[in-house]
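> let me see the structure of the following:
(one chain, ligands or ions: 1)
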Amino acid sequence: MLTLEGVEIRRPGFALAADLAIENGARVSVLGPSGAGKSTLLSAIAGFLLPDAGRVAFDGRDLAPLPPGRRPVSMIFQDGNLFPHLTAFENAALGLRLSGRLTREERDRVARSLDRVGLEGLGDRKPGALSGGQQGRVALARILLRAQPVMLLDEPFAALGPALKRRMLALVDEVATEIGATVLMVSHDPQDARRLGGQTVFVAGGRAHAPAPTAHLLDQPPPALRTYLEG
Ligand SMILES: Nc1ncnc2c1ncn2[C@@H]1O[C@H](COP(=O)(O)OP(=O)(O)OP(=O)(O)O)[C@@H](O)[C@H]1O
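I've put the predicted structure just below:
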């Protein structure tokens, strides 16, 4: 279980509080107005920022002492997931190790992960020679290899067209199921949240609210969410 216990993050002109728990293997969308703190919430879980109060824990273990690279999480952003000078194969391989030569067995695993996400034959390409969807697939191959129990996605496929975005969300779900991971996904599109299913954390008014079932929340939104949805 991923827990945020009495978490408070304060910046000049901004504050975010969170007290919530997310079951392992859950699918959770993070929705809310621009600037409400959705990315900030993910950063606190990933370890890019430390809360001013409270604690973030996974399966009862306080994550505060762990730098981002040692936390049980992997992350995909909208851009900048891949190193432009590395091939798709090398980018994916970073999920296994950050330096040193891969063993034969590790090379096979990287190749299999690329096949798994639909990139067979494209391992030698650099990101500049891949489409947006293919770049997203490389990032997912890396996540598959990292096999961390929490996947954090910050508007990962916002730049993709609707049909491709649907396919990528389905692939996220498959990859998460294969590694038994929890998914937390920031999105501006309520349809993404419906597609992901599961629960939604609504972030607004300085608070990340406890997760509630997505379909129910979107069908019968409380006033603040209704205002957000209806603009
Ligand atoms: N590095 C930073 N230093 C200071 N303030 C920041 C920093 N990053 C974000 N903020 C501020 O913190 C608040 C929350 O930002 P955050 O990016 O978490 O919101 P968000 O809900 O993800 O927004 P969006 O949907 O627009 O991406 C905003 O007021 C933002 O201006």
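
> give me the below-cutoff pLDDT ranges for the chain.
Applying pLDDT under 70 to the chain flags the ranges 80.

> within range of the ligand, give me the residues from it.
Within the chain, the residues that sit near the ligand (C-beta under 6 Å from any ligand atom) are 11, 14, 32, 34, 35, 36, 37, 38, 39, 40. Just so you know, the C-beta spots here come from the backbone N, C-alpha and C atoms, and that holds for glycine as well.

> chain center to the longest helix belonging to the chain, what's the gap?
When the chain is parsed with DSSP state H, its longest helix is helix 162-179. Centre-to-centre, helix 162-179 and its host chain are 12 Å apart (C-alpha atoms, centre = their mean, to the nearest Å).

> contacts for that helix?
With contacts defined as C-beta atoms under 8 Å, 6 or more residues apart in numbering, helix 162-179 is touched by 25, 27, 117-118, 132-133, 136-137, 140, 143-144, 147-149, 151, 153, 156-157, 160, 181-183, 185, 192, 195-196.

> quick check: ChimeraX command selecting the buried ones in these.
In ChimeraX, this line selects whichever of the contacts of helix 162-179 come out buried by 16 or more other C-beta atoms under 10 Å:
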select :27,117,132,133,136,137,140,143,144,147,148,149,151,153,156,157,160,181,182,183,185,192,195,196
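
> hang on, the earlier thing: and the next helix or strand past the longest helix of the chain?
Downstream of helix 162-179, the next assigned helix or strand under DSSP states H and E is strand 182-186.

> strand partners (parallel or antiparallel) of that next one?
strand 27-31 (parallel), strand 150-154 (parallel) (DSSP bridges).

> now distance to residue 50 too, for these, in CSV please.
Formatted as CSV, the strands paired with strand 182-186 follow (distance: least, C-beta to C-beta, whole Å):
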stretch, distance to residue 50
strand 27-31, 19
strand 150-154, 16
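
> could you list the buried residues of stretch 100-114?
Residues 109, 110, 111, 113, 114 are the ones in stretch 100-114 that count as buried (16+ other C-beta under 10 Å).

> among those, which one sits closest to the ligand?
residue 113 (29.2 Å; C-beta to the nearest ligand atom).

> three-state assignment of that closest one?
Classification of residue 113 by DSSP: H, G, I helix; E, B strand; the rest coil places it in helix.

> what sits against the closest residue to it other than its chain neighbours?
Closest residue to residue 113 apart from its sequence neighbours, by C-beta to C-beta, 6 or more residues apart in numbering: residue 141 at 4.2 Å. Contact analysis of residue 141 by C-beta under 8 Å, 6+ apart lists 88, 92, 95, 110, 113, 114, 116, 117, 119.

> that concludes my questions; thank you for your assistance.
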